[in-house]
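1. With the input below, show me the fold.
(chains A and B)
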Amino acid sequence: GEDVEQSLFLSVREGDSSVINCTYTDSSSTYLYWYKQEPGAGLQLLTYIFSNMDMKQDQRLTVLLNKKDKHLSLRIADTQTGDSAIYFCAVYSGAGSYQLTFGKGTKLSVIP
Amino acid sequence: GAGVSQSPSNKVTEKGKDVELRCDPISGHTALYWYRQSLGQGLEFLIYFQGNSAPDKSGLPSDRFSAERTGGSVSTLTIQRTQQEDSAVYLCASSFGQGYPGVYEQYFGPGTRLTVT
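-> Sure, this is the predicted structure:
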């Protein structure tokens, strides 16, 4: 089955850019997602990219997809303390139930 | 409008007891998902409902786990004879329809934190 890997921790200074990386194994993955989870809250969809795209930009967020290497990244420009959270990479691979396969999450800590 | 709600928010139970976790999806959402988030692990898919039927139960870890959905709305996840390894956050998500998550976004509830002592 699909496997999604992420580094567990990232620490950046306020105002710097953050880059969170994710790798996946199933080359037939069609939609790839980034979710944010703040303490005590449910997951919030940040953005997603379709597999026929290389890049998607949405305000401070930039998603890059390298299909050849099965690598997905999320760049947060001008990182703020409010961006401190756990970020999950998730992949949809065409399972009939439309379930998502998630990575373990990257905990982003922003240092003031 | 209201989002996905789950109750209880926290549940502590003794090993061997049964527990019921409730999910109230967004009104009008026909698809409902249960996931489990264990410490240090990603989200693990458990079960999916389309209306009241569950076409995909492949993620349920054992026969101690069951779920039902009534009236195309509220869903209950039941864990019988709980074990310590069942301790996790159980997340529910709903979506407007059945289809690519890029089209039918899954909206997540805040989760129920289950602790089995």
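2. How far off centre is stretch B:60-79?
-> Relative to the chain's own centre, stretch B:60-79 is displaced by 7 Å; criterion: Cα atoms, centre = their mean, to the nearest Å.
3. Next, see if that stretch gets close to chain A.
-> No: Stretch B:60-79 stays clear of chain A (Cβ under 8 Å from any Cβ of the partner chain), getting no nearer than 12.5 Å. No exception for glycine: its C-beta is placed from N, CA and C like everyone else's.
4. On the pLDDT front, check the closest residue to B:T117 other than its chain neighbours for me.
-> Leaving out its chain neighbours, the residue that sits closest to B:T117 by Cβ to Cβ, 6 or more residues apart in numbering or on different chains is B:E14, at 5.8 Å. Listed pLDDT for B:E14 reads 97.
5. And for B:K17?
-> pLDDT, B:K17: 98.
6. That one is in contact with B:T82, isn't it?
-> Yes: counting by Cβ atoms under 8 Å, B:T82 is a contact partner of B:K17 at 5.7 Å.
7. more neighbours, the two?
-> Higher neighbour count among B:K17 and B:T82: B:T82, with 21 against 12, using other Cβ atoms under 10 Å in any protein chain shown.
8. is any part of the helix or strand containing A:A90 close to chain B?
-> Secondary-structure assignment from DSSP states H and E places A:A90 in strand A:85-92. Yes: Strand A:85-92 comes into contact with chain B (Cβ under 8 Å from any Cβ), by way of A:88, A:90, A:92.
9. Can you lay out these as a markdown table showing distance to B:G40, neighbour count and pLDDT?
-> Converted to a markdown table, the residues of strand A:85-92 next to chain B look like this (distance: Cβ to Cβ, whole Å; neighbours: other Cβ atoms under 10 Å in any protein chain shown; pLDDT from 0 to 100):
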| residue | distance to B:G40 | neighbour count | pLDDT |
| --- | --- | --- | --- |
| A:F88 | 13 | 25 | 95 |
| A:A90 | 17 | 25 | 92 |
| A:Y92 | 23 | 22 | 84 |
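10. Show me which of these is closest to chain B.
-> Nearest to chain B out of the residues of strand A:85-92 next to chain B is A:Y92 (Cβ to the nearest Cβ; 5.2 Å).
11. Alright, calling it a day.
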